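Novice: just to be clear, the model below is a prediction. Sequence and coordinates:
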Amino acid sequence: MGEIWIGVTGFGATDNPHPGVAVARALRRGDPSWRILALTWDRFGTGAFADDLIDAHAVVPYPTAGPRALLSRLSALRRRHPIDVVIPTVDAEQAHWIGLVPALRRLGIRTCLPSAASLRAREKRRLPALGRRAQVAIPPTAILPGPDAVTRAAARCRYPQIVKGPLVDSVVVHSADDFVVAAGQLAAQWGYPLLAQPVVAGEEYDVAAVARHGALVGTAVMKKLAVTGKGTAWAGVSVDDSWFVSPLERLVETLDWTGPIEGEFLLTPAGSLTCFEVNPRFPSWIALAAEAGANLPAALVRLALGEEVEPRRASGGRLFARVVAEHVYASDPLAALDPRRVRRGLLERARIDPPLRRCADAHAPATGQGTVALTGLNAADNPSPGLGVARALRAAPRAPRLVGLTHEVLSTAAYVDGAFDEVRLLPFPSREDGYPEALIAHCREAGADCLIPTLDIEMPVVSWLAERLAAAGVATLVPSLAALHAVAKLRLPALEEPGIRLPRTVVVRALDDLPAAGRMLGLPFVVKGPVADARIVHGDQEARVAGQRLARTWGMPLIAQEYVGGQEFGVAGVADRRHRVVGCVVVRKSICTANGNTWGGTAVNDSALCALADRFAEIVGWVGPFELEVIRHPRLGTFLIEVNPRFPGWILLSAGAGVNLPWAAVQLARGEGVPTRHGRAGAFYVRIAWDVTAPVDRMGALAVEGKVSGRVD
């Protein structure tokens, strides 16, 4: 057989990533000669921009279009381009691919998939029955076929509960109102029946496998160390223990399963193992299995090709942490996707990422460009800016030595090889509890001559400490406490004046006041936490639930704000000590998460938004980095929605667009002159959820010794 082309689906790689990128990474590791064809639904799947993994692109219909549309597209693509094997990775499409197996075989496309009966038997609503047959414990599960069942269950169940969609997605709820609202949102997206399970205390373990005719061929066990609000693993460690594999082995045998599978388990304090989910595809963390010696996607391809596969089990002790990979292109390369054909080379030579210099040996003397300390290393589902700032500084003409300062052992950017020259652990930021002394001591020990804080919560403390840091030889470029006070969410409406327009805003000091705020602002409106996070709500009950969730995380008071629809922009800038903006980059957002985080966008020349940045810095008396979040309504014009007192997470775009704002901030902090510059229009930025791996010993060393090298073995 000549060149092997493998089609992979599932390239949504944002805050709850599909497995496609991880599968492609494992295939690259398994056989570099294999060619990867990304079967993407549209040009907004950020994983489809992983140019070091993907050889060609093709558009396939959304699962809602049904199997006939999928087969029609595949037939047309297969006539023009080889497709030897396909690995579907998204739950919603599995039934289509399984139903098409005979037709795919006639097209010469091979698969390794379960039967339709096996797929149905492991559905969420049928999991209790499957557990009984396989002698595997399943949590008590209520099936909710419609709204009436939801209302009844909400009134009688004990909280907290997990409400689940029929295919994917889940929400932890804490009250009857919370239950009803979450169920309505899930049903609107996924339909009925929904499911409800009590929250079971314990540690979470996931077991991924490849099976053939009911027998396991390869396995990998991962213990979750950090999860998102939806329960998605964002950090974990491989575990070599057959005890965790045994229940999945029984499930696979009972199902007579063929193909990839994942079982999600809870180890209770009493020592029992409960299965709360069985997924009919590879998990998004599957690249860890390949790193730990069990390349399950490669094994699946070999099975599909009719080859013999030696059984594999992943070794223990390999840590994974999910971060973001970032690319900047001269323009959006996937805008040229054509649904009628396979496109090769769309990403070749399109990137304009500035070259990133690797870190030096941690024991080598610092270069003549000094040492910069950075905070904000948690690059998870809502990435902090630290990793992007580090990448921009690596691309500077005179790249400094970089020291990452983290408040958490599991801040994921601490595990990115070469992002920093060293990483140090600090207490949580406050004026008490030793943080000021620890910050100054770590900067001194690391030889840092400049500090760039990147977290909102740090800014008041660092501003308060600026003189003490300067006395210790550490330069900063931070706003005054008065300026920070002026842009706090609760006080932002006072900023409105000619040239700066804000939505109508109400401070909500008690949850019972939310309905009155809604009547004043109109529906829908936005409920915001006092520090971060926001929810668009469409009624009193939804507003009350959103308020409860935000207050539980961020405290009171909350902010209710008029909803403004339109095109979203981010404006990043740096102001000097005379409150003049020396650099400005405007991004038109095109790919955002449900929480509004930017995962893709294009740099634009917008004189009105740059003038807004100039006006903001002047009237507030701003010094240092900032971001303005703006919405431009098609009829009502431009509204300033939020001010962030630091760099945004997408700041690497500034380096790719020709105006490296983090480097400008370092130069200004050090007292150097910086010419005024604006970003190059057209540059396209995209962010991809990406798993890095490291020995688990690195986490222990950071926790115990308080610092580690930037090199990750």
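Specialist: On my side now, so go ahead.
Novice: can you map out the strands along the stretch 451-600 of the chain?
Specialist: 505-508, 525-528, 534-537, 558-562, 567-575, 581-592, 598-604 (DSSP state E, counting those that start in this stretch).
Novice: mind putting these in CSV, mean neighbour count and distance to residue 434 included?
Specialist: Every C-beta, even on glycine, is put in place using the N, C-alpha and C of the backbone. Shown next, in CSV, are the strands of the stretch 451-600 of the chain (neighbours: other Cβ atoms under 10 Å; distance: least, Cβ to Cβ, whole Å):
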stretch, mean neighbour count, distance to residue 434
strand 505-508, 20, 33
strand 525-528, 24, 32
strand 534-537, 20, 33
strand 558-562, 23, 31
strand 567-575, 24, 31
strand 581-592, 23, 35
strand 598-604, 22, 35
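Novice: how about these in JSON lines, adding mean pLDDT and distance to residue 257?
Specialist: Shown next, in JSON lines, are the strands of the stretch 451-600 of the chain (pLDDT from 0 to 100; distance: least, Cβ to Cβ, whole Å):
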{"stretch": "strand 505-508", "mean pLDDT": "91", "distance to residue 257": "51"}
{"stretch": "strand 525-528", "mean pLDDT": "93", "distance to residue 257": "44"}
{"stretch": "strand 534-537", "mean pLDDT": "90", "distance to residue 257": "39"}
{"stretch": "strand 558-562", "mean pLDDT": "93", "distance to residue 257": "47"}
{"stretch": "strand 567-575", "mean pLDDT": "97", "distance to residue 257": "44"}
{"stretch": "strand 581-592", "mean pLDDT": "95", "distance to residue 257": "35"}
{"stretch": "strand 598-604", "mean pLDDT": "94", "distance to residue 257": "34"}
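Novice: which one of those lies closest to residue 455?
Specialist: strand 567-575 (15.9 Å; Cβ to Cβ).
Novice: ok and the closest one relative to strand 598-604, angle-wise?
Specialist: Angle, strand 567-575 to strand 598-604, by axes from the mean of the first three to the mean of the last three Cα atoms, to 10 degrees: 80 degrees.
Novice: what helices and strands are in contact with the helix-or-strand element of the chain with minimal mean pLDDT?
Specialist: Lowest by mean pLDDT, DSSP states H and E among the helices and strands of the chain is strand 677-678, with a mean of 83. For strand 677-678, the contact count by 3 or more Cβ pairs under 8 Å, 6 or more residues apart in numbering; DSSP states H and E identifies strand 581-592 as packing neighbours.
Novice: by contact count, what packs against the strand it packs on?
Specialist: On a contact count with 3+ Cβ pairs under 8 Å, 6+ apart, strand 581-592 meets strand 567-575, strand 598-604, helix 607-620, helix 652-656, helix 661-669, strand 677-678.
Novice: relative to residue 283, which of the strands of the stretch 451-600 of the chain is closest?
Specialist: Short answer: strand 598-604, nearest of those by Cβ to Cβ, at 20.6 Å.
Novice: ok, residues contacting that closest one?
Specialist: 14-15, 44, 46, 331-332, 569-570, 585-593, 648-650, 653, 657, 679-687 (Cβ atoms under 8 Å, 6 or more residues apart in numbering).
Novice: partner strands of that strand, parallel or antiparallel?
Specialist: Using DSSP bridges, the strands paired with strand 598-604 are strand 581-592 (antiparallel), strand 684-695 (antiparallel).
Novice: kindly reformat the strands of the stretch 451-600 of the chain as CSV containing distance to residue 169.
Specialist: Formatted as CSV, the strands of the stretch 451-600 of the chain follow (distance: least, Cβ to Cβ, whole Å):
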stretch, distance to residue 169
strand 505-508, 28
strand 525-528, 21
strand 534-537, 16
strand 558-562, 25
strand 567-575, 24
strand 581-592, 18
strand 598-604, 18
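Novice: which one of those lies nearest to residue 95?
Specialist: strand 581-592 (27.6 Å).
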